[in-house]
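Here is my input; please provide its structure:
(chains A and B)
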There are 2 protein chains.
Amino acid sequence: METTAWNLDIGATVSGTTGTGFRVWAPKAQSMVVQLVSARGKEERVALLQEQSGYFSGMVNGVAAGDRYLYLKDSGTGRPDPASRFQPDGVHGASQVVDPRLFTWHDKHWQGIRQEEYVIYELHVGTFSREGTFDGVIPLLDYLVNLGITAVEIMPVAQCPGRRNWGYDGVYLFAPQNNYGGPDGLKRLVDACHAHGLAVILDVVYNHFGPEGNYSGEFGYYTTDRYRTPWGAALNYDGPCSDPVNDFFIANALYWLHEYHIDTLRLDSVDWIFDLTARHFLQRLAEEVHRHGQMLGKRIYLIAEYDANDARLVRPAEQGGYGIDAQWNDGFHHSLRTLLTGETTGYYEDYGQFSQLVKAFENGFVYTGEYSAFRRRRHGGPSPEVPGSRFVVFSQNHDQIGNRKCGDRLAASVSHEQLLLAAGTVLLSPYIPLLFMGEEYGETAPFHYFVDHSDKQLIEAVRRGKAEEHASGACTGDPPDPAAESTFLDSHINLTLKREGRQACILKFYRRLLALRRKTPCLQVFDRNSIEVKGFERQKTLAVIRQTETSRVLCLFCFSDAAEEVM
Amino acid sequence: METTAWNLDIGATVSGTTGTGFRVWAPKAQSMVVQLVSARGKEERVALLQEQSGYFSGMVNGVAAGDRYLYLKDSGTGRPDPASRFQPDGVHGASQVVDPRLFTWHDKHWQGIRQEEYVIYELHVGTFSREGTFDGVIPLLDYLVNLGITAVEIMPVAQCPGRRNWGYDGVYLFAPQNNYGGPDGLKRLVDACHAHGLAVILDVVYNHFGPEGNYSGEFGYYTTDRYRTPWGAALNYDGPCSDPVNDFFIANALYWLHEYHIDTLRLDSVDWIFDLTARHFLQRLAEEVHRHGQMLGKRIYLIAEYDANDARLVRPAEQGGYGIDAQWNDGFHHSLRTLLTGETTGYYEDYGQFSQLVKAFENGFVYTGEYSAFRRRRHGGPSPEVPGSRFVVFSQNHDQIGNRKCGDRLAASVSHEQLLLAAGTVLLSPYIPLLFMGEEYGETAPFHYFVDHSDKQLIEAVRRGKAEEHASGACTGDPPDPAAESTFLDSHINLTLKREGRQACILKFYRRLLALRRKTPCLQVFDRNSIEVKGFERQKTLAVIRQTETSRVLCLFCFSDAAEEVM
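Next up, the predicted model:
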């Protein structure tokens, strides 16, 4: 049993002796009743008391972990708790009381790893192992350690509709997906990662709620129509009644740190988090998360997906920044990919110049104020002073594969040698590398977009949306149906492939590069002064010199089809 | 004749010898024709050439200043030029060619005044003088100088629908209002101000277009539906095709500096300028305006109206700020006013504590993260390091008077002594003071909201909107009809009042305070270290000590009804 200095102040909280406390933000309610069904089938209804601030709360005796409940607002239909810790029957079913003290952790001495040491492996729980569960990941951790991975990034696990989803349709943000193994499953996985010396990054979605099973709008003012997102209503971070919304998402972040021992949060598309108040939600989030990291004596980070190429996000607060620790660098990916594949559709129309990859190495952002034809406006700002450890780079990730019409990986578009070149460019770059599961041995399975909604109209909307998104895709034939189970099954990786032939060769190369990165001091130093970049335009060759007092490395990346002479 | 290093690259540009060039941003057009009517009545149609970037342009021989023109997009109805320099017949009529070189300036040696010296007098051209014109203001400048004013702030003059408008419904942002006297009238006024040693602040509206006569949407992508404003569509500062929109408003700012010798721009409600790119429009605007100020060898400033209490706006770029020079401080006003009047309706519900005025003196912002009942959320951020010269304060302004149901001034709500106390609190504050025309002698005329639209539905909408806004107003009786001419006429100030009685006494007090402020070195120093503030809560008395090496002043502001003893 473990106690932490922090407690979630919403949801169901099991008290040591007196029962379970319930608390829900419901400013739209006149009355609120919690309807309980004990594990033994006993039913009970208890009215909660209205606090001044729009919350309802109350203590119910005899309720314990495993009991289930729904909220009845103004005597209406029973709804799950927006802060439910577990949805055993999915997004429409009852919430289940979870007692976080009942899990036995073994990672007391784990303190996290330094940001500079992160080598990230992004995985989707449902398709990574044969079991498609948290527990299914555990036996494969030895393999990841042996590969040279230091941090496992788990695609979002907040309860989504159905059993098949990337995770970005989550609606119960405190409830780990039921068919992945729920709360205990996730805790076992994190505990095992720490036992293996692996940090755990959890992908969290703070820019919208999923489209099915979200009843939070019946309770409170979670969304606003002042801004638009690609997925519908924006979250209400800065309008009337927005304090409890901010508090809800901050609490969610702290919850993962305290109750699940998560090391780092990956924030999905923060471009769609609108907050025009004097203190942006992300700034407050960074302050709180870092403060709690100190409290916990752990190295805890925030890594954001962000499209604006604005270094404000990763600058410290003293410099007017939001204090986020790192951000994904799509420009690096697009430069690298187009150089290898020559693709020009969609956002790739802005890329394809060798000089752009050189700039990605020199500067971080590729677009720093230049006109973008795809965006039809100037894009980005400078980032010369930002250390390389603040950028996460990749040659593939779930989006860059899964948003392609046929979900095909880079291996399907380039030669074996190019694939190794891509790996080298990422792994020896002066940035934090991220691999997408299976990439390390040239997995041949696609990674498709898949959903499992019960709402037929919604399924049709997803199908139409994806078809439009794919209209400009390069691949021939029909794209797979996102709602079909086969689309999900086809997306499973097959780790047995790695054992022989071309795949074994690729894997060996990844291992060697990661070992090199790990063992060479200058490859783990990220300040701009220790790095010298030179592009040989005619030879399409990039030279990168990295040095510290004790080591010096020259990396040459040749993107030419012919043998070239440089220097 | 005068030449500057800068030229407006849109609109009609008279060339010395060859005729007049026309250039318009019209990405929505397939073809563009300029339809000309010379001053002698000769008609002509000339097709413009399409540039690559969505602009159409061409040179037409024989066209000179005074000739009129309309644009015909795709052979459609003739429309005024979105960058028209003059709309002699109003928002629906033809544009007129203006040659800025034809005006003779006399202010060659004018270099502007230091920001710390600004004492601002806000006036509405239509109601300030009997004539209601730019020329009507000129004979009154001696009076303003004698009062102690150093800067005249002119409410917006961009061409509005009709003849009566506050100015915030402007649709031709480069065209000074026709019935005020048009381009030459404004130039004469600015020239006269400079001859009197007065700086000129022009109020400009970069957050929306007025509701009538705006045809710019037929030409280009000026607006977006991604964000909402209280006045309809937001301007497109960050979406596809937004570069020319940014350029349009930047050009407008530079145009006022170069062609009209304006010293400072007052930016209306910048809260509604949405720009989530890496380089906010306001940041770029500040950079450009300051750069051109240096080019012109003049002290040029930007003062913004901003509601978010976020010091980012006025911080320098090196600290992650936008580099705006100063902002209006509504919190100061609300604290002061509620202390005097006890009002609690609308946004005044957040005010009324003596300690809030103390905080306004100590800190600048009153709300620095506290919960605001009116906004139903936390509001504002800290501003301790921001020097006082970055805040503009007032006890009255056009909004705080004109948005009241009966347009009544502070004098209608408080005693003579309180009025003087309000004056002292503003004029001896460690901030930049702003007076609203007539305030200095206790003008008794109201300042109503008035419009002169030709669109009947629009008039009805304005009437309804105002009635709702006034629903919580304190004054009894019906509010006046915004569309009635009498509402406008009633809002004229009557400067003859100032000559005797109570009014003469008030005026004398203002003059003495401003003279004191001018002559006492420590009253013109604004860094936080030179100011000591102490509030005596029980005695409702504010003590402010200001000192420099050569002078020291103790100001006592007593808000108690009784005699009080402090210190």
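
Once you drop chain neighbours, what's closest to the closest residue to chain B within the stretch 301-450 of chain A?
Nearest residue of the stretch 301-450 of chain A to chain B: A:G320, at 1.4 Å (CB to the nearest CB). No exception for glycine: its C-beta is placed from N, CA and C like everyone else's. Ranked by CB to CB, 6 or more residues apart in numbering or on different chains and with sequence neighbours excluded, the top spatial neighbour of A:G320 is B:G320, at 1.4 Å.

what's the one you found sitting at in phi/psi?
The phi/psi pair for B:G320 (degrees, to the nearest 10) reads phi 80, psi 10.

What count of nearby residues applies to it?
Close neighbours of B:G320, defined as other CB atoms under 10 Å in any protein chain shown, add up to 19.

give me every residue that touches it.
Contact analysis of B:G320 by CB atoms under 8 Å, 6 or more residues apart in numbering or on different chains lists A:312, A:315, A:319-321, B:312.

Buried ones among the residues you listed?
Buried by 16 or more other CB atoms under 10 Å in any protein chain shown: A:312, A:315, A:320-321, B:312, out of the contacts of B:G320.

Out of those, the closest to A:R518 would be?
Proximity of the buried ones among the contacts of B:G320 to A:R518 was ranked by CB to CB; the top entry is A:R315 with 28.7 Å.

out of everything not next to it in sequence, what's closest to that closest one?
Distance criterion CB to CB, 6+ apart; nearest residue to A:R315, sequence neighbours excluded, is A:G321 at 2.6 Å.

Same check on A:E212?
Spatially, and ignoring its direct neighbours in sequence, A:E212 is nearest to A:P161 (4.0 Å; CB to CB, 6+ apart).

Quick one: low-confidence residue ranges for the stretch 51-200 of chain A.
Along the stretch 51-200 of chain A, the model assigns pLDDT under 70 to no residue.

Next up, the contacts around A:C193.
So A:C193 contacts A:141, A:152, A:199-200 (CB under 8 Å, 6+ apart).

likewise A:R376?
B:240-242.

Show me what from the stretch 151-300 of chain A comes close to chain B.
Counting by CB under 8 Å from any CB of the partner chain, the residues of the stretch 151-300 of chain A close to chain B are A:225-228, A:238-243, A:271, A:274, A:276-279.

quick one on the thing from earlier: Produce a ChimeraX select command limited to the buried residues of the contacts of A:R376.
Of the contacts of A:R376, the buried ones go into a single ChimeraX selection, burial set by 16+ other CB under 10 Å:
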select /B:241,242
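
can you narrow the contacts of A:R376 to ones near chain A?
The subset of the contacts of A:R376 within reach of chain A, by CB under 8 Å from any CB, is B:240-242.

A:R226 falls within a helix, correct?
No. Looking at A:R226 with DSSP: H, G, I helix; E, B strand; the rest coil, it is strand, so not inside a helix.

Contact distance from chain B - what residues of the stretch 301-450 of chain A qualify?
By the rule CB under 8 Å from any CB, the part of the stretch 301-450 of chain A lying against chain B is A:308-312, A:315, A:319-321, A:369, A:371, A:375-381.

Take those and keep only those in strands.
Under the assignment DSSP state E, those contribute A:371, A:377-379 to strands.

Separate out the buried members of these.
Applying 16+ other CB under 10 Å to these flags A:377-379 as buried.

how about these in a markdown table, adding pLDDT and distance to A:D350?
Shown next, in a markdown table, are these (pLDDT from 0 to 100; distance: CB to CB, whole Å):
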| residue | pLDDT | distance to A:D350 |
| --- | --- | --- |
| A:R377 | 97 | 11 |
| A:R378 | 97 | 12 |
| A:H379 | 98 | 8 |
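
Turn those into TSV, including distance to B:M32.
Output for those, formatted as TSV (distance: CB to CB, whole Å):
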residue	distance to B:M32
A:R377	22
A:R378	25
A:H379	28
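
Tell me the one among the buried ones among the contacts of B:G320 nearest to A:F134.
Nearest to A:F134 among these, with distances taken as CB to CB, is A:G321, at 34.7 Å.

What ranges in the stretch 451-567 of chain A fall below the confidence cut-off?
A:470-476, A:567.

Tell me which stretches of it form helices.
A:456-470, A:485-490, A:501-519 (DSSP state H, counting those that start in this stretch).

So for chain B, which of the ones you listed sits nearest?
Closest among the helices of the stretch 451-567 of chain A, once you apply CB to the nearest CB, is helix A:456-470, at 17.0 Å.

Buried residues of the closest one, list them for me.
In helix A:456-470, counting by 16+ other CB under 10 Å, buried: A:458-459, A:462, A:466, A:470.

residue closest to the middle of chain A?
Residue closest to the average C-alpha location in chain A (CA atoms, centre = their mean): A:D203, at 2.4 Å.

which secondary structure element contains that one?
strand A:199-204 (DSSP states H and E).

again, but for A:L434
strand A:432-436.

Just the angle for that strand relative to strand A:199-204, thanks.
Angle, strand A:432-436 to strand A:199-204, by axes from the mean of the first three to the mean of the last three CA atoms, to 10 degrees: 70 degrees.

Paired strands for strand A:432-436, with orientation please.
strand A:120-123 (parallel), strand A:391-393 (parallel) (DSSP bridges).

Follow the chain on from the first one and name the next helix or strand.
In other words, strand A:120-123. Taking DSSP H and E, what comes next after strand A:120-123 is helix A:125-128.

what's the answer for the shortest one, then?
Scanning forward in sequence from strand A:391-393, with DSSP H and E defining helices and strands, the next element found is helix A:398-402.

Show the secondary-structure elements that the following helix or strand past that following helix is packed against.
As assigned by DSSP H and E, the chain's next helix or strand after helix A:398-402 is helix A:416-427. Judged by 3 or more CB pairs under 8 Å, 6 or more residues apart in numbering or on different chains; DSSP states H and E, the packing partners of helix A:416-427 are helix A:330-341, strand A:432-436, helix A:501-519, strand A:552-558.

Between these, which one is closest to B:S31.
Among those, helix A:330-341 comes nearest to B:S31, with 35.9 Å by CB to CB.

Now the residue nearest to A:Q111 when sequence neighbours are not counted. Its backbone dihedrals?
On the basis of CB to CB, 6+ apart, the spatially nearest residue to A:Q111 that is not a chain neighbour turns out to be A:K298, at 5.5 Å. Per-residue torsions, A:K298: phi -130, psi 150 (degrees, to the nearest 10).

residues near A:K298, how many?
Neighbour tally, A:K298, other CB under 10 Å: 20.

Likewise for the one 5 residues further on?
Around A:I303 sit 27 other residues, with neighbours defined as other CB under 10 Å.

same for whichever helix or strand it is part of, what does it pack against?
For A:I303, the element it lies in under DSSP H and E is strand A:301-304. If you count contacts as 3+ CB pairs under 8 Å, 6+ apart, strand A:301-304 packs onto strand A:264-267, helix A:281-296, strand A:326-328.
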